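> no sequence on this one, just coordinates:
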């Protein structure tokens, strides 16, 4: 068939009917091989014919709604989906089978492209069996093409059906996990899944911890991406914030498993670490910050966890100990090393221009804890950076907290050299001690 769009539109409907007849006739051989495995070796010519039929249909649909409509009205979509499901049933490693399989999926993707009527018919025939069969296929191209079909066909109404078939949504997460370079699973998650708080909440409850980390990474990517959250995104991400914060409050002590060598690679603890990373990025967004600043129990739990980790790191050599102590290997070590820093960063964010939280940290003895974290692990500049940030936010327009730190310095509970490193100094004015910024700001 000619490749030009204008030539495609001149193709008579009879051509597509002949192609469909060949497709139906050849599919009988595949059906027979599914019932009788001994027939598989005789499939070569049928698979070649099927492949050429799909190529013809696939090419005819490119940017041509006239052909898309003609082919759809012949019920070619239903025949194609049935044939693809037969391919999955065969489970034989033949390159000719894979080629036919891929071309069939490409045809479905092309006929659905920018054509709502075709998308609707593809969805009726393909959901859920085709996606359940293809999204976890060992062949990368089959996963990519089936993801393309899902992305093209999804809309807000069909997302509700996806909530009732969570295995498909989780398969997409797994596909992205295995093939992070593949565009379609990524787009499904960012452009569809993350716009549905109900789906995300249902998925999160059912996923493995490894899959949760993948989803949380994509939430972070959305938060820190080049394009800021839109007005439409904010209500959705407030719902995500509720899920993330409540999960962290309930489960954050799981991270203490990493203090034991037997649990040095515990995936539940790693998912908790990623929850904290998401909370840090969410509280860096002013639209989400005010909601999280008043989230019940969040600030208290963060301070409590910082205290537990601080004590555990001082008591024994473990993953949360200071620089000179034994650490676990690789990514786990990097995540754990940043965990204390991010707890302090989150405290700083939650106290930003919020006197109630500033006072709450003081009441919970959080200020000495934060300062002590920095003096114990002075070798970690990343930690020092967030301690400086947190102390600034705790003392901004808060004379009570300023007085507390000044008195700590006088009593020897706060190291004057440490305060100077952080950009503060204590000055005595009559009977009062004043905490004030130094003329030279600290390096960040």
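Looks like it came in fine. Owing to the predicted nature of the structure, the values given are computational and were not obtained by experimental measurement.
> Flag the shaky bits of the stretch 51-200 of the chain, pLDDT-wise.
91 (pLDDT under 70).
> how long is stretch 220-236 from one end to the other?
14 Å (CA to CA, to the nearest Å).
> do the same with stretch 258-278
20 Å.
> again with stretch 283-297
15 Å.
> for stretch 201-219, same thing?
With CA to CA, one end of stretch 201-219 sits 13 Å from the other.
> How about residue 107, nearest residue that isn't a chain neighbour?
Leaving aside its chain neighbours, residue 107 sits nearest to residue 58 (4.1 Å; criterion: CB to CB, 6 or more residues apart in numbering). (Glycine included, C-beta is placed from N, CA and C.)
> for that neighbour, what are its contacts?
103, 106, 107, 110 (CB atoms under 8 Å, 6 or more residues apart in numbering).
> From those residues, which land in helices?
Within these, residues falling in helices by DSSP state H are 103, 106, 107, 110.
> Please point out which parts of the helix or strand that residue 130 is a member of sit buried.
Per DSSP states H and E: residue 130 is located in helix 129-134. Residues of helix 129-134 classed as buried under the neighbour-count rule (16 or more other CB atoms under 10 Å) are 130, 131, 132, 133, 134.
> and what of stretch 210-229?
211, 212, 213, 214, 215, 216, 217, 218, 219, 220, 222, 223.
> Of these, which pair is most distant in space?
Farthest apart among these by CB to CB are 211 and 223. That separation is 19.1 Å.
> shouldn't residue 152 be in contact with residue 109?
Yes - assessed by CB atoms under 8 Å, residue 152 is found in contact with residue 109 at 6.1 Å.
> Isn't residue 83 up against residue 23?
Yes - the criterion here is CB under 8 Å, and residue 83 meets it with residue 23 at 7.2 Å.
> circling back: check the spacing between the residue nearest to residue 107 and residue 402 real quick.
70 Å (CB to CB, to the nearest Å).
> burial measure for residue 127, as a count.
20 (other CB atoms under 10 Å).
> which residues does it contact?
153, 158, 161, 165.
> can you list the residues that contact the helix holding residue 130?
Contacts for helix 129-134 (CB under 8 Å, 6+ apart): 81, 84-85, 88, 105, 142-143, 145-146, 149-150, 165, 167-168, 171.
> Would you mind listing the buried residues in the longest helix along the chain?
With DSSP H setting the assignment, residue counts place helix 13-35 as the longest helix in the chain. Going by neighbour count (16+ other CB under 10 Å), the buried part of helix 13-35 is 16, 19, 20, 23, 26, 27, 29, 30, 33, 34.
> how about these in CSV, adding distance to residue 205?
Below are the buried residues of helix 13-35 laid out as CSV (distance: CB to CB, whole Å):
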residue, distance to residue 205
16, 46
19, 46
20, 44
23, 42
26, 44
27, 40
29, 44
30, 39
33, 41
34, 36
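> Let's see if you can find the most crowded of the contacts of residue 127.
residue 153 (22 neighbours).
> Isn't that one up against residue 122?
Yes - contact criterion CB under 8 Å: residue 153 and residue 122 qualify, at 5.5 Å.
> The closest residue to residue 339 other than its chain neighbours sits in which helix or strand?
Setting aside the residues directly before and after it, residue 339 is nearest to residue 273 in space (CB to CB, 6+ apart), at 5.5 Å. With elements taken from DSSP H and E, the one containing residue 273 is helix 267-283.
> mind listing which of the contacts of residue 127 are in helices?
Using DSSP H, the contacts of residue 127 in helices are 153, 158, 161.
> Based on its surroundings, how many neighbours for the residue nearest to residue 339?
Neighbour tally, residue 273, other CB under 10 Å: 21.
> and if you look at the one 5 residues further on?
Per other CB under 10 Å, the neighbour tally for residue 278 reads 22.
> Could you number the chain from 52 rather than 1 from now on?
Okay, using 52 as the starting number, the last item reads as residue 329.
> so it touches residue 267, yeah?
Yes - with contacts counted by CB under 8 Å, residue 329 reaches residue 267, the gap being 5.3 Å.
> and for those two, which residues touch both?
With CB under 8 Å, 6+ apart, residue 329 and residue 267 have common neighbours residue 295.
> returning to what we had before: with the contacts of residue 178 in mind, which one is nearest to residue 98?
residue 204 (26.2 Å).
> Tell me who's in contact with the closest one.
So residue 204 contacts 163, 170, 173, 174, 177, 178 (CB under 8 Å, 6+ apart).
> what about 7 Å?
Neighbour list for residue 204: 163, 170, 173, 174 [criterion: CB atoms under 7 Å, 6 or more residues apart in numbering].
> Of the residues you listed, which belong to helices?
Mapping those onto helices (DSSP H) picks out 163, 170, 173, 174.
> Which one of the residues you listed sits in the busiest neighbourhood?
Result: residue 163 is most packed of the ones in helices among the contacts of residue 204 (other CB under 10 Å), 27 neighbours.
> quick one: that one from residue 302, how far?
Counting by CB to CB - residue 163 and residue 302 are separated by 40 Å.
> How about residue 208?
On the measure of CB to CB, residue 208 and residue 302 end up 33 Å apart.
> So for those two, which residue has more residues nearby?
residue 302 (14 against 8).
> Assumed the more buried one was part of a helix.
Yes - read with DSSP: H, G, I helix; E, B strand; the rest coil, residue 302 is one of the residues of a helix.
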